[in-house]
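Colleague: Sequence isn't available, so here's the structure alone:
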Ligand code: PAP
């Protein structure tokens, strides 16, 4: 005979199945009512417009779970980025800065040597909430305070992230490099899954219309930009190009914002340079752990490392693409005060943003 515990397990199991089924039905209904576009990844896949941004069906399910069930703590730290704007780098830097006193400084102890930045700072909607709407966050975030990542636009973050005192570190990148980085990334994924290549022209058209995961780019960047201006103690707004230009200065800024400034002693001991070095493109790319295996979404770890440069767009974009892109940037960023650098050289006309 079954005991009460076993009966209640069956009851709970069937309740969970029932809840799961009605949630799937709700999602299917939502997918039928919102605009849909072809995905960059496959002619058969789609992206859906939800709360003003585009998302795959699978991603949308976990975005909604994250929005509904996540409860932020005041001590949490969120790494937020638009895809291909330096997420991997920012995860490594934030992890190393925030937890630097929790592991020994010698090379063997550093978790970055054995785990990818994406394993150490997990994406909420692309990883943690993907398979489970009620993940065990205490066990998932091994180090404390909790640190996790998201690509979700500011306006669509779970309410408790916006309302609590938790901190958000946001990084963006000039849209031309971001676009080329995304196109290269998608091209590798399409090749791997034997999809026909996506031409640069087709990709540019989709970029222009903003129809890609978490796009449009400009609305994403401006959402965090405005929020960071209104609340600079809560949101730190960083730019990939600035980190490339002066990583030590930006790291000190990051540490200060996180409430763990580098001490004079640490600076003398070269801790800032050590962190900058282990998180550098050259170091991370060469680590065995980043060269093999798959990321949570089934993406090979190695393709998160391309060239890691500022200005690579100039090797790909045609003059007419550059012209269209410049007009788009001007239109989107006018009066925002936000500017981007498009090359690593310091010339007068590189700051386009038309503040
Ligand atoms: P994600 O948003 O999909 O997680 P993300 O890490 O932002 O990806 O994008 C990868 C880009 O960051 C690549 O740029 P590229 O295509 O122009 O080369 C990658 O090379 C770059 N990148 C990865 N790690 C670093 C690093 N440590 N320093 C600088 N750039 C890096």
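Modeller: That came through fine. Fair warning: this is a prediction, and the values are worked out from it, not measured in the lab. Residues are numbered from 1 along each chain as shown.
Colleague: okay, now the nearest residue to residue 238 once chain neighbours are set aside: neighbour count?
Modeller: Distances taken as C-beta to C-beta, 6 or more residues apart in numbering place residue 171 nearest to residue 238, at 4.5 Å, with adjacent residues excluded. Using the backbone N, CA and C atoms, a C-beta is placed for each residue, glycine as well. Using other C-beta atoms under 10 Å, residue 171 is surrounded by 26 other residues.
Colleague: what about residue 237, helix or strand, and which?
Modeller: For residue 237, the enclosing helix or strand under DSSP states H and E is strand 235-239.
Colleague: Now the element after that strand, going C-ward?
Modeller: helix 240-245.
Colleague: tell me the mean pLDDT for that next one?
Modeller: Mean pLDDT, helix 240-245: 98.
Colleague: Stretch 72-92 too?
Modeller: 98.
Colleague: does the strand holding residue 237 come close to the ligand?
Modeller: No: judged by C-beta under 6 Å from any ligand atom, strand 235-239 and the ligand are separated, with a smallest distance of 12.3 Å.
Colleague: Given that strand, what are its sheet partners and their directions?
Modeller: Counting by DSSP bridges, the strands paired with strand 235-239 are strand 167-172 (parallel).
Colleague: Identify the residues contacting the strand it pairs with?
Modeller: Here strand 167-172 makes contact (C-beta atoms under 8 Å, 6 or more residues apart in numbering) with 76-82, 85-87, 89-90, 94, 161, 178, 221, 224-225, 227-228, 234-240, 243, 254, 257-259, 340.
Colleague: Now list the buried members of the residues you listed.
Modeller: 76-82, 85-87, 89-90, 94, 161, 178, 221, 224-225, 227-228, 234-240, 243, 254, 257-258, 340 (16 or more other C-beta atoms under 10 Å).
Colleague: now, which of these lie within helices?
Modeller: Of the buried ones among the contacts of strand 167-172, the ones assigned to helices by DSSP state H are 87, 89-90, 94, 161, 178, 221, 224-225, 227-228, 240, 243, 254, 257.
Colleague: So which bits of whichever strand or helix holds residue 327 are buried?
Modeller: Here residue 327 sits within helix 319-333, counting by DSSP H and E. By neighbour count with 16+ other C-beta under 10 Å, helix 319-333 contains the buried residues 321, 324, 325, 328, 329, 332, 333.
Colleague: again with stretch 242-254
Modeller: In stretch 242-254, counting by 16+ other C-beta under 10 Å, buried: 243, 244, 247, 250, 251, 252, 253, 254.
Colleague: Including distance to the ligand, could the residues you listed go into a markdown table?
Modeller: Formatted as a markdown table, the buried residues of stretch 242-254 follow (distance: C-beta to the nearest ligand atom, whole Å):
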| residue | distance to the ligand |
| --- | --- |
| 243 | 8 |
| 244 | 7 |
| 247 | 9 |
| 250 | 12 |
| 251 | 12 |
| 252 | 18 |
| 253 | 17 |
| 254 | 14 |
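Colleague: so who does residue 331 touch?
Modeller: Contacts of residue 331 by C-beta under 8 Å, 6+ apart: none found.
Colleague: what does the stretch 251-355 of the chain have sitting close to the ligand?
Modeller: Counting by C-beta under 6 Å from any ligand atom, the stretch 251-355 of the chain sits next to the ligand at 279, 280, 281, 284, 304, 305, 306, 307, 308, 312.
Colleague: at 5 Å what do you get?
Modeller: Counting by C-beta under 5 Å from any ligand atom, the stretch 251-355 of the chain comes close to the ligand at 281, 284, 304, 305, 306, 307, 308.
Colleague: Next, count neighbours for whatever residue of the chain ends up closest to the ligand.
Modeller: As assessed by C-beta to the nearest ligand atom, the ligand sits closest to residue 306 within the chain, at 2.6 Å. Neighbours of residue 306 under the rule other C-beta under 10 Å: 17.
Colleague: again with residue 204
Modeller: Count around residue 204 with other C-beta under 10 Å applied: 20.
Colleague: Equivalent analysis for the one 10 residues further on, please.
Modeller: Here the number of neighbours of residue 214 (other C-beta under 10 Å) works out to 24.
Colleague: Can you give me every residue that contacts it?
Modeller: 53, 54, 55, 82, 83, 151, 152, 153, 220.
Colleague: Identify those among those that sit within strands.
Modeller: 53, 54, 55 (DSSP state E).
Colleague: Same list (these) but as JSON lines, adding neighbour count.
Modeller: Conversion of the ones in strands among the contacts of residue 214 to JSON lines gives the following (neighbours: other C-beta atoms under 10 Å):
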{"residue": "53", "neighbour count": "24"}
{"residue": "54", "neighbour count": "26"}
{"residue": "55", "neighbour count": "26"}
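Colleague: List just the nearest of the residues you listed to residue 204.
Modeller: When the ones in strands among the contacts of residue 214 are ranked by distance to residue 204 (C-beta to C-beta), residue 54 comes first, at 16.2 Å.
Colleague: While we're on the closest one, how confident is the model there?
Modeller: At residue 54, pLDDT is 97.
Colleague: Over to residue 4?
Modeller: Residue 4 is given a pLDDT of 44.
Colleague: Then residue 346?
Modeller: 54.
Colleague: ok, back up a step: for the buried residues of helix 319-333, give me CSV that also has distance to residue 141.
Modeller: Converted to CSV, the buried residues of helix 319-333 look like this (distance: C-beta to C-beta, whole Å):
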residue, distance to residue 141
321, 41
324, 42
325, 38
328, 38
329, 37
332, 35
333, 35
